[in-house]
Every structure is written in C-alpha cells, then in structure tokens.
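Trainee: The sequence and its predicted three-dimensional model are supplied below.
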Amino acid sequence: MRRLIDHPWFWRIAAPVLVGALILCVWEWACRFWRVPAYLFPRPTQIWRAFIVGWPVLLAALGSTLRVTLAAFAAAVVLGTLIAFLFVQSRVIELSLLPYVVLLQVTPIVAVAPLIIILVKDTQASLILCATVIAIFPIISNTTIGLRSVDPGLAAYFRMNKAGRWTTLWRLRIPGALPFFLAGLRISSGLALVGAVVAEFVAGAGGRGAGLAYEILQASYQLNIPRMFAALGMITATGLVLFSLMSALQQALLGHWHESAMREER
Amino acid sequence: MNAPVQAASPVIEVRSAEKVFANGVRGLGRIKLRIEPGEFVTLIGPSGCGKSTLLKLIANQIDPTSGTVLWWGGDFSAVGATDRRLAFVFQDPTLMPWAKVDANVRLPLDFAGVGRAEAAARVAAALDQVGLGEAARRYPRQLSGGMRMRISIARALVTEPDLLLMDEPFGALDEFTRDKLDEDLARLSWQRGLTNVFVTHSIYEAVFLSTRIVIMAANPGRVFDEFVVDAPCPRDEAFRNSDEFAAMCRSLSVLLADASRASGAV
C-alpha cells in the first residue's frame, strides 16, 4: 500500500479522481436534498440512467461527431503544416497571406458556419470545413514559429558546411520545430472537436449520421435534460481522450530531449 | 601535400584586409598576418578590436571590404577541392538537442557524404580523443557544459581538419574545466600537427596554448603587437605552474594594457 502511494503516478490519477467523486456525491446529495426536478438539473444517477437507456443512439452519434472531428483535425494538420512551410519559404508570402489567416481566426465560427453550410452542398463536407477552419490556426502559427526559431548557432554551422536547403530543412528546421508543432497539435485536437460540435449545432442536421450536438438539441426540445447531460459528458470525455493522446505523442517524441516533455529528475 | 611549392606557403595569409561594416564602422583596418603550418596563434585584445571579425574573415564567413585572404596560398574555393580542410568551433557547443552525441559528431560527415561504416569508426575515434567514448548514446542535455564543448570539438576533429578555428570556445566554462580542456586541446593539436587560430579574453589561456599571440587594438581593429611564447610543446600542468609561465603572463598583461590605451575609450 505504501509503495502505491509513493508512486509518482498515484497522485496524478488518484487526486483528480477523488475530487471528481466528491463533486458527484455533493451534486447527488444537493439535488436530492432540495428536490431539484430532473428537467431543471438532473442528478448524476439520472444522467447515468439516461446514458444506459440511450447508449446505442448516443454512441452512434458520438461516432458521427468523431468522424467529423478526426477528418477536420487531419485536414488542419496537413493544410496548416503546408501553409506554415509556405510562410517560412518567403517573407512576401507570409506578409501577404497572414492577415487572411488571422481573419479566419478572429471571425467567430458560429457566425460563418451558416454561410458555409448554405454554400457547401454536402452536409458532411460542410461540417468538416467548419471544424477545420477552427482547428487550423494553432497549427499554422505554432509551426511557423517553430520553423523560424532555429538555433542561430546551429544555423550558422549548417551554412558554413554548405548544407543544402533540403538538408537544412530536414535535419535542422523540422526537428527544431517539433516541440512547437506538437504544442499546436494539442490545442488543435480540442478545437477540432469544438468546431465539429458547433458546426453540427448550426447545421442542425438530423437523421442518419446525426452527431452529438443534434442529440443535445433534440433532448433539449423534449426537455430530456438527463440525456442532454449524458451527451455533453460524452463530448467532454472525447475531448479529454484526444488531449491525452496528443500529450502521449508529445511525451514519446520529445521526452528525451525537450524541456516541455521532460520529467523532473530526482 | 608533398609538393615543395605548397609546403613553402603559409596556411593563412591575410594581405592588407580591411573590413568596413554597413554602418561605416571600420572593424578591421588593413590587417597583415601570416600563419605558418603547425602554429598555434591566439588573437587577443580589448573588446571591439576585431579579433572575432578577423577569425570570421579567416573562416571565410565574411568577405573583406578590400585586400585579400589566402588559404594555403590560394583562393578559398580551392580549400574544398584539395585535401585541406578547416573546422570552426563556436563560443557555444551548438549541438542538436534532439540528436544523440554520436549523431551530432557525425553531422559534418553526413554533409560530406561519408559512408556509414567509415563515419561510425571516425566518430568513435573522435569521441575517444576528447575522452567521451562512453557518452556516444547520450543526449547533449544529459552532459555538463564542459562535456558538451568536448563534443563540439570532437565534431570539428572528426573532419580531420588541417586548420582549426576557435572563437572563445571555453569562455562560458568554469576555470577548472577550462584548464582541463586547454590541456587536452594543446595535446591534440600537437599530436595531429594542427594549425590553430584561437580567440580568447584570457591571458592565461593565451600563454598556455599559443606558440604566438597576436595582440590587437581597436578603432580601427588592427594588429598592435605580437608575442612569441617560447616554450616546448605539448604543454601540460607543469608549464602552467612554472615561473616562466607567470613571467610571460605578466608581460602579455602589460602589452594588453598598452593595446587597451591605444584603442581609446573603453
């Protein structure tokens, strides 16, 4: 028992889980004590029951949302990286395109989404496009900064040895940009999910292949608040999983050399 | 190598080279300097005397505004074509943090397209020479500052240079480590018959390492005086503790004070 407590991972997992359990208990107790009706604010047990009852539909909806999220995330990574590479190739390109990238970032997606959904005929494609627009910015900005922030000493060394453009890119710029890129990946994965849910809300697309946002909307129309919470919980859980996966990737690629992923040595 | 005409020519000949920077500052004014094979020449002088600029000129990192620099009696473009090589060691180790020590040392061989097996053997030999054969599979950040500098020197030695240029390589190290590295450098240079051009701020380091010390003064950067260190090589701890070492340090210190006065405002 003592060994388990000493393990560095114990508190990283046990502490948040304990806090979560405590909140759930207080929540359950408070709702029972003040007799809050389920249609105003459901108890954790009621939410769980709603999940048990509705899980085949909810899980299918999650699958839909996840498909949009992953497609948008992939598109954001590929396009964002390409744009970043384009930016560092020439100052002129960056200066002429950067304002539009910023424009994309500062315009609230909720405001643009209806337009995209009207313009793009295929619903699935329009959802992915919305989510990509949200998710792409951190990739572009982080990768650009990463590719630019090359150690000047190393850059001079490469130049002195007459290393070619590609060698410099492959052996110096890309490894140097990796920490920045991975940090961007972590933010972008979460934003892709946000983008997917927002787009689904705006599109209000139901029927086959409806996402979790549609389930939330439906549940709210029917005052099925526990089901709404269940769907919300699933979105949150998905976000957490995505974030953890990206953190694990960061740890795997940078753990041995970069400060951002180093564990403290004892 | 055996051609008598080439043997007669100095390794470096700076012929009235002048460097005027874009802002109009005369970094170097009409420098004349000959460096013969096997010499260990140290450039020393007050800040702004152009010692780093002169070293960069010799490294062909910058071009003189007027005058010429000859390498082994010829143009720099001939350096790569013959089997003459020069290597440069910076103030910082400038290692790739994401690459293991052996990959860092192998970098110049990768640039030169040296085959895997030969490169591995040469890397191992270079690491042994700087006393870090054990560290091959470690990452730079797992090593101390002195060890990282040794790796940087190994990366220079692995190219089997004829001329080694070093710009205050041990300036950031503690005195004990610096003394140790100076001893190793003195031994390695002597063993390999290297020609060295070395920049430092330290009088003790200059006297310990050099066969000849070039004292420079500023406004404009120029050769103020020369000081021949008449002591047998390779040098070791005993030389550093000798009376003649102390006497030479005192003489050099006086010359440096003169150079400093001749440079105007400090």
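Mentor: That came through, no problem.
Trainee: domain ranges for chain A?
Mentor: Following automatic domain parsing, one finds the domains of chain A at A:1-35, A:42-261.
Trainee: List the buried residues in the shortest one.
Mentor: Of the residues in domain A:1-35, those buried under the neighbour-count criterion (16 or more other CB atoms under 10 Å in any protein chain shown) are A:27, A:31. (Glycine included, C-beta is placed from N, CA and C.)
Trainee: Over to stretch A:236-253?
Mentor: A:238-239, A:242, A:246, A:250, A:253.
Trainee: Quick one: check stretch B:109-117 for contact with chain A.
Mentor: Yes - contact of stretch B:109-117 with chain A (CB under 8 Å from any CB of the partner chain) involves B:110-111.
Trainee: one step back: restricted to strands, list the buried residues of stretch A:236-253.
Mentor: Assigned to strands by DSSP state E, none of the buried residues of stretch A:236-253 qualify.
Trainee: follow-up on the earlier one: which one of the domains of chain A has the most crowded surroundings?
Mentor: domain A:42-261 (a mean of 18; mean count of other CB atoms under 10 Å in any protein chain shown).
Trainee: avg pLDDT for it?
Mentor: The average pLDDT within domain A:42-261 is 91.
Trainee: ok, back up a step: okay if I get the domains of chain A as CSV plus distance to chain B?
Mentor: Shown next, in CSV, are these (distance: least, CB to the nearest CB, whole Å):
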stretch, distance to chain B
domain A:1-35, 20
domain A:42-261, 4
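Trainee: Please convert those to a markdown table, extending it with distance to B:T195.
Mentor: As requested, the domains of chain A are exported to a markdown table (distance: least, CB to CB, whole Å):
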| stretch | distance to B:T195 |
| --- | --- |
| domain A:1-35 | 53 |
| domain A:42-261 | 18 |
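Trainee: Nearest to B:L252, out of the ones you listed?
Mentor: Nearest to B:L252, of all the domains of chain A, is domain A:42-261, at 29.5 Å by CB to CB.
Trainee: For that closest one, what is the spacing between the initial and final residues?
Mentor: In domain A:42-261, first residue to last residue: 40 Å (CA to CA, to the nearest Å).
Trainee: Could you do stretch B:163-176 as well?
Mentor: End-to-end distance (CA to CA), stretch B:163-176: 26 Å.
Trainee: With chain A in mind, check whether that stretch reaches it.
Mentor: No - applying CB under 8 Å from any CB, one finds stretch B:163-176 separated from chain A by no less than 10.1 Å.
Trainee: Now do the contacts for whatever residue of the stretch 1-150 of chain B ends up closest to chain A.
Mentor: Chain A sits closest to B:T94 of the stretch 1-150 of chain B, with a gap of 3.7 Å, by CB to the nearest CB. For B:T94, the contacting residues are A:151, A:153-154, A:156-157, B:152, by CB atoms under 8 Å, 6 or more residues apart in numbering or on different chains.
Trainee: Against which helices or strands is the strand or helix carrying A:F137 packed?
Mentor: Assigned by DSSP states H and E, A:F137 belongs to helix A:123-148. In terms of contacts (3 or more CB pairs under 8 Å, 6 or more residues apart in numbering or on different chains; DSSP states H and E), helix A:123-148 is packed against helix A:44-89, helix A:91-106, helix A:109-119, helix A:174-203.
Trainee: Now distance to B:A246 too, for these, in CSV please.
Mentor: CSV is the format used below for these (distance: least, CB to CB, whole Å):
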stretch, distance to B:A246
helix A:44-89, 54
helix A:91-106, 55
helix A:109-119, 74
helix A:174-203, 46
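Trainee: Can you say which of those is nearest to B:F21?
Mentor: helix A:91-106 (23.4 Å).
Trainee: Report the backbone C-alpha coordinates of stretch B:203-220 in PDB.
Mentor: Taking Å, rounded to 0.1, in the frame of the first residue of the first chain, the C-alpha atoms of stretch B:203-220 are listed here in PDB:
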ATOM      1  CA  ILE B 203      45.700  35.900 -20.800                       C
ATOM      2  CA  TYR B 204      46.500  32.600 -19.100                       C
ATOM      3  CA  GLU B 205      44.700  30.600 -21.700                       C
ATOM      4  CA  ALA B 206      46.500  32.500 -24.500                       C
ATOM      5  CA  VAL B 207      50.000  31.900 -23.000                       C
ATOM      6  CA  PHE B 208      49.300  28.300 -22.200                       C
ATOM      7  CA  LEU B 209      48.100  27.300 -25.700                       C
ATOM      8  CA  SER B 210      49.800  29.600 -28.100                       C
ATOM      9  CA  THR B 211      53.100  29.500 -30.000                       C
ATOM     10  CA  ARG B 212      52.400  33.100 -31.000                       C
ATOM     11  CA  ILE B 213      50.000  35.600 -29.600                       C
ATOM     12  CA  VAL B 214      48.600  38.400 -31.800                       C
ATOM     13  CA  ILE B 215      47.700  41.400 -29.700                       C
ATOM     14  CA  MET B 216      45.100  43.600 -31.300                       C
ATOM     15  CA  ALA B 217      43.800  47.100 -30.700                       C
ATOM     16  CA  ALA B 218      40.600  48.800 -31.600                       C
ATOM     17  CA  ASN B 219      39.500  51.900 -33.600                       C
ATOM     18  CA  PRO B 220      40.100  50.600 -36.100                       C
END
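Trainee: who does the biggest helix by length in chain B touch, helix- and strand-wise?
Mentor: Longest among the helix segments of chain B by residue count, using DSSP state H, is helix B:243-262. The helices and strands touching helix B:243-262, judged by 3+ CB pairs under 8 Å, 6+ apart, are helix B:203-209, strand B:212-217, strand B:222-228.
Trainee: Which of the ones you listed sits closest to B:G113?
Mentor: helix B:203-209 (33.1 Å).
Trainee: could you give me the average pLDDT of that closest one?
Mentor: 95.
Trainee: now do stretch B:180-190
Mentor: Rounded mean pLDDT across stretch B:180-190 is 92.
Trainee: gap between that stretch and the chain center?
Mentor: Centre-to-centre, stretch B:180-190 and its host chain are 12 Å apart (CA atoms, centre = their mean, to the nearest Å).
Trainee: Residues touching that stretch, excluding its own?
Mentor: B:40, B:129-131, B:146, B:149-150, B:153, B:157, B:164, B:169-170, B:173, B:194, B:196, B:205, B:208-209, B:233-237.
Trainee: For that stretch, buried residues please.
Mentor: Buried residues in stretch B:180-190, counted by 16+ other CB under 10 Å: B:180-183, B:185-186, B:188-189.
Trainee: Over to B:L33: give its phi and psi.
Mentor: Torsion angles at B:L33 (phi, psi; degrees, to the nearest 10) stand at phi -160, psi 130.
Trainee: can you give me the helices in the stretch 101-250 of chain B?
Mentor: With helices called from DSSP state H, counting those that start in this stretch, the stretch 101-250 of chain B shows them at B:101-112, B:116-129, B:145-157, B:175-192, B:203-209, B:237-240, B:243-262.
Trainee: where are the low-confidence patches of the stretch 151-266 of chain B?
Mentor: B:265-266 (pLDDT under 70).
Trainee: circling back to that earlier point, can I assume the residue of the stretch 1-150 of chain B closest to chain A sits in a strand?
Mentor: No - according to DSSP: H, G, I helix; E, B strand; the rest coil, B:T94 belongs to no strand; its state is coil.
Trainee: about what we covered before: next SSE after the helix holding A:F137?
Mentor: Next in sequence after helix A:123-148, counting helices and strands by DSSP H and E, comes helix A:152-160.
Trainee: Show me what the helix or strand following that following helix is packed against.
Mentor: Under the assignment DSSP H and E, the closest C-terminal helix or strand after helix A:152-160 is helix A:165-168. The contact analysis (3+ CB pairs under 8 Å, 6+ apart) places helix A:165-168 against helix A:152-160.
Trainee: quick one, the helix it packs on and helix B:145-157 angle?
Mentor: 10 degrees (axes from the mean of the first three to the mean of the last three CA atoms, to 10 degrees).
Trainee: Spell out which parts of chain B neighbour chain A.
Mentor: Within chain B, the residues that sit near chain A (CB under 8 Å from any CB) are B:59, B:61, B:88, B:90, B:92, B:94-99, B:107-108, B:110-111, B:139-141.
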